[in-house]
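Novice: pasted the sequence and its predicted model underneath.
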Amino acid sequence: NRRLKVAGAAVGGGALIALTGGLAAPAIAAGWAALGLGGAVSAGVGAFLASTGGTALVASLFGVGGAGLTGWKLSRRIGHLKEFEFELLKGGNA
């Protein structure tokens, strides 16, 4: 049960970070081009990152990294938890 929760959080976190990676890919390509390292290799890498394939690659890398990080952090957070419950707080006029 706990492993399913960690896996679900990892998939959800990875999907969200992959989305932001896909949105950031054009900015990464522009940054690579702005570095202007010179040469055909740098120009080729910048052009690839600006393409659809480059965007998919960046989004995939962000997604895999994000899923791994989210799963690791969640398993550390709930790894030692034995019992969890919400308790109703009483008091106030609310």
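Specialist: Received it, and whenever you're ready, just let me know what you need.
Novice: what stretches of the chain score poorly on pLDDT?
Specialist: Low-confidence regions of the chain, defined by pLDDT under 70, span residues 36-39, 41, 92-94.
Novice: please enumerate the helices of it.
Specialist: Counting by DSSP state H, residue ranges of the helices within the chain are 2-35, 39-50, 52-78.
Novice: by contact count, what packs against the shortest one?
Specialist: Same thing as helix 39-50. Here helix 39-50 touches helix 2-35, helix 52-78, going by 3 or more C-beta pairs under 8 Å, 6 or more residues apart in numbering; DSSP states H and E. Yep, even glycine has a C-beta here, placed from its N, CA and C like the rest.
Novice: quick one, which of these gets closest to Ala43.
Specialist: Go through the helices and strands packed on helix 39-50 one by one with C-beta to C-beta and the one that ends up closest to Ala43 is helix 2-35, at 7.8 Å.
Novice: any idea how far the closest one is from the middle of the chain?
Specialist: From the chain centre to the centre of helix 2-35 is a distance of 3 Å (C-alpha atoms, centre = their mean, to the nearest Å).
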